[in-house]
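Asks: sequence first, then the predicted structure, then my questions.
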Amino acid sequence: MNPVDYFRIPSVSSRSFKVWQRNKDVFMKDIKLNFLPPFLEPILYLLALGFGLGKFVESIDGVPYARFIAPALIAVSVMYASFFECSYSSYVRMYYQKTFDAIIATPLTIEDVIAGELLWGATRSMINATVMIPVIALFGLIDLKYSLLIIPFAFFGGLLFAAIGMCFTAITPNIMSINYPVLLFITPMFLFSGTFFPLSALPVPLQYFATAFLPLTHIVNVIRTLSFGVLSSSLIFDVAWVLFVGVALLVLSINLMKRRLIV
Amino acid sequence: MATDLKKSYKDFVAVDGISFSIEEGEMFGFLGPNGAGKTTTMRMIQCVSPVTGGSLEVLDMDVSRQQREIKSLMGVVPQENNLDGDFTVYENLLVYSRYFDIPKDEAEKRIEELLDFVHLQEKRDVMTESLSGGMKRRLVLARALINRPDVLILDEPTVGLDPQARHLIWEKLRNLKKQGVTIVLTSHYLDEVEKLCDRLVVMDNGKILVEGSPMGVIEEFIGSDIIEAENNPELLECLRQKEAKYEVIGDIVHIYTDNAREISEILLMECSLSKISARPATLEDVFLKLTGRSLRE
Ligand SMILES: Nc1ncnc2c1ncn2[C@@H]1O[C@H](COP(=O)(O)OP(=O)(O)OP(=O)(O)O)[C@@H](O)[C@H]1O
Ligand SMILES: [Mg+2]
């Protein structure tokens, strides 16, 4: 394929919703188990890091440490939920369960199937954020004024990570190889995106690198600002970055999957 | 309806310029050894594999342009089962019906009928992994019928089934044919193809070797009967003198004929035969004659 072709807008129809619905139905079968991580994880992290480690950390820019990391926990969960849904889980459905093969024998096209998978991945990010906000609010670590805006934003952030996961699914030779992007990309992002310490603690070149290439940086920025009950103009840059890169990667991921699956 | 249809995977040519035309309401078989290109052809008809060259129309629609329309009128039983392992038998059918935009109450009605049709009512709430191979196959068939298709594509529908399940499926197919469904299938069970298909093609190496009705093909290439005799040099000499059509297969000789009784008598009298048996020729004989007896890699 010509490089330009990878960014050609795919024709996706509203039928992709059926794939979303399929995944939702599977999710609902184990709803209790699926709701447990977003409920339990912030509690564990806040207890260990916020109130344990936080005793030894001075407040950051005047913000208590627990309040500083609480929104980052939401951001990390947004990343994990959709990335893992559209990498390991999509790969299992594609390769082992042959779910996609079965669906493309119906009026749905492969573009619809992938779009449905991506939408579902983003939905999982949104579900996680929705569960976590009240849990964190119980600890009194979030200003509720703009907190509801975090939910739709989690969906768009989720789309971005869903697309990243799907790109790797499209090029990975086997399921084990998905460990590489996890180790080399997702885990560093988890640590170096202003999650557990401010970006300003990093050397300046690394700060630029994080801002330019680590999507989580922008997700953390937005969710943290909203969780403080502030709307600042710097958010426009972060949101624009997420939307622009998100759309580009969504298109790329669908085209890469087409290349892999249409033979 | 295909004209000069071609398919390559990178440099490898899997289907090499085949033409065929399938009539509405008929049962049409694709036969051929492993790797002949049958599945590849089915996948092009299903609009899931793009054609490399030539043209292919299904229900008067082009497979590369009107995929959705074609697929909505088509039912598919793929060679490899691909039931949704996250769901039960019933849910598999329900979820699949949504892909065709079938309203829920209509779908529920159809699912009950289909579960009866393939005898899976008792297993309706079982996860598909715990079905036996034959049950899975029947469920795939039921799934292919959920949209009441005009065209049914079956890639080895009876592979790995016991005789009961196989007969059940063939009986269902006969029923469907009566209802006017066009059925396209591949199978390695040649006796069944012989009984069921109106017409067939034999493929090998991506090409069509013959086309016709099962009887027509048998008569054209073999004659109506086959006489099997033990191989010995005298017999071969005798057959050569009589200019008979025959083939040596290990220590057996097949003599092709249209008149088994007469020829047997001649052979018994003139060629000093000891053991000989006559039987009607089958599609399997044609298949082996056309595609050779060696195993495909
Ligand atoms: N995705 C693919 N990539 C490359 N080559 C392929 C692919 N699919 C099939 N082939 C090749 O194309 C040829 C035809 O395969 P096909 O599956 O159509 O055979 P078949 O007639 O269905 O055989 P069988 O009776 O074993 O099912 C084979 O040589 C096969 O190796
Ligand atoms: Mg095959």
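Replies: Alright, I've got the coordinates. Numbers count the residues shown, from 1 in each chain, chains lettered A, B, ... in the order given. Ligands and ions are numbered 1, 2, ... in the order given.
Asks: C-alpha from now on. contacts and neighbour counts both.
Replies: Fine.
Asks: near chain B, which residues of chain A show up?
Replies: For chain A, the contact set with chain B under C-alpha under 8 Å from any C-alpha of the partner chain comprises A:15, A:18, A:22, A:26, A:97-99, A:101-109, A:262-263.
Asks: filtering those residues by proximity to ligand 1, which remain?
Replies: Restricting these to those touching ligand 1 (C-alpha under 6 Å from any ligand atom) yields residue A:263.
Asks: of the residues of chain A next to chain B, buried ones?
Replies: A:15, A:18, A:22, A:97-99, A:101-109 (16 or more other C-alpha atoms under 10 Å in any protein chain shown).
Asks: and residue B:152, that one's in a strand?
Replies: Yes: under DSSP: H, G, I helix; E, B strand; the rest coil, residue B:152 sits within a strand.
Asks: what about it, neighbour count?
Replies: Number of residues near residue B:152 (other C-alpha atoms under 10 Å in any protein chain shown) recorded here: 25.
Asks: could you do residue A:116 as well?
Replies: Residues near residue A:116, counting by other C-alpha under 10 Å: 24.
Asks: separation between it and chain B?
Replies: Applying C-alpha to the nearest C-alpha, to the nearest Å, one obtains 12 Å for the distance of residue A:116 from chain B.
Asks: same thing with residue A:85?
Replies: Taking C-alpha to the nearest C-alpha, one finds residue A:85 at 15 Å from chain B.
Asks: do I have it right that that residue meets residue A:121?
Replies: Yes: Residue A:85 lies in contact with residue A:121 (C-alpha atoms under 8 Å); the separation is 5.5 Å.
Asks: not counting its neighbours along the chain, what's nearest the residue of the stretch 151-263 of chain A found nearest ligand 1?
Replies: At 5.8 Å from ligand 1, residue A:263 is the closest residue in the stretch 151-263 of chain A, using C-alpha to the nearest ligand atom. Excluding its sequence neighbours, the residue lying closest to residue A:263 (C-alpha to C-alpha, 6 or more residues apart in numbering or on different chains) is residue B:49, at 5.7 Å.
Asks: can you mark which positions in stretch A:222-242 are buried?
Replies: Applying a neighbour-count criterion of 16+ other C-alpha under 10 Å, one finds A:222, A:223, A:224, A:225, A:226, A:227, A:228, A:235, A:238, A:239, A:241, A:242 buried in stretch A:222-242.
Asks: one more: stretch B:164-181?
Replies: For stretch B:164-181, by 16+ other C-alpha under 10 Å, it's B:165, B:166, B:168, B:169, B:170, B:173, B:174, B:176, B:177, B:181.
Asks: residues in contact with that stretch?
Replies: B:24-27, B:117, B:134, B:138, B:149-152, B:157-158, B:183, B:196 (C-alpha atoms under 8 Å, 6 or more residues apart in numbering or on different chains).
Asks: residue B:127: how many residues sit nearby?
Replies: Neighbour count of residue B:127, defined by other C-alpha under 10 Å: 17.
Asks: how about the one 5 residues further on?
Replies: Applying other C-alpha under 10 Å, we find 11 residues neighbouring residue B:132.
Asks: now it: phi and psi?
Replies: With angles defined as degrees, to the nearest 10, residue B:132 sits at phi -80, psi 170.
Asks: mind checking how far it is from ligand 1?
Replies: As for residue B:132, its distance to ligand 1 is 21 Å (criterion: C-alpha to the nearest ligand atom, to the nearest Å).
Asks: so how far is the lowest-mean-pLDDT helix or strand in chain A off the chain centroid?
Replies: When each helix and strand of chain A is scored by mean pLDDT, DSSP states H and E, helix A:31-45 comes last, with a mean of 89. Taking C-alpha atoms, centre = their mean, to the nearest Å, one finds helix A:31-45 lying 16 Å from the centre of the chain it belongs to.
Asks: what packs against that helix?
Replies: Packing partners of helix A:31-45 (3 or more C-alpha pairs under 8 Å, 6 or more residues apart in numbering or on different chains; DSSP states H and E): helix A:65-84, helix A:110-138.
Asks: next structured bit after the last one?
Replies: If you walk from helix A:110-138 toward the C-terminus, the next helix or strand you reach (DSSP states H and E) is helix A:150-171.
Asks: the stretch 101-250 of chain B against ligand 1: which residues are in contact?
Replies: So the stretch 101-250 of chain B never meets ligand 1 (C-alpha under 6 Å from any ligand atom).
Asks: now chain A
Replies: So far as C-alpha under 6 Å from any ligand atom goes, chain A lies against ligand 1 at residue A:263.
Asks: how many other residues sit next to residue A:131?
Replies: 19.
Asks: got a list of what it touches?
Replies: So residue A:131 contacts A:35, A:38, A:39 (C-alpha under 8 Å, 6+ apart).
Asks: the residue of chain B found nearest chain A: neighbour count?
Replies: Going by C-alpha to the nearest C-alpha, chain A is nearest to residue B:68 of chain B, at 4.5 Å. For residue B:68, the count of nearby residues is 18 (other C-alpha under 10 Å).
Asks: is it true that it touches residue A:107?
Replies: Yes: Residue B:68 lies in contact with residue A:107 (C-alpha under 8 Å); the separation is 4.5 Å.
Asks: what residue lies at the spatial centre of chain A?
Replies: For chain A, residue A:79 is the residue whose C-alpha lies nearest the centre (C-alpha atoms, centre = their mean; 2.7 Å).
Asks: which stretch of helix or strand covers the residue of chain B closest to chain A?
Replies: Here residue B:68 is assigned to helix B:67-72, by DSSP H and E.
Asks: quick check: next helix or strand after that helix?
Replies: strand B:74-77.
Asks: check whether that following strand contacts ligand 1.
Replies: No: shown here: strand B:74-77 not in contact with ligand 1 (C-alpha under 6 Å from any ligand atom), separated by at least 13.0 Å.
Asks: run me through the strand neighbours of that strand, direction for each.
Replies: According to DSSP bridges, strand B:74-77 has the following sheet partners: strand B:151-155 (parallel).
Asks: CA-only coordinates of the strand it pairs with in CSV, if you can.
Replies: Coordinates of each C-alpha in strand B:151-155 appear next as CSV, following Å, rounded to 0.1, in the frame of the first residue of the first chain:
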residue,chain,number,x,y,z
VAL,B,151,-28.3,-18.3,-1.8
LEU,B,152,-26.6,-20.7,0.5
ILE,B,153,-22.9,-21.3,0.4
LEU,B,154,-21.6,-24.4,2.1
ASP,B,155,-17.9,-25.2,2.4
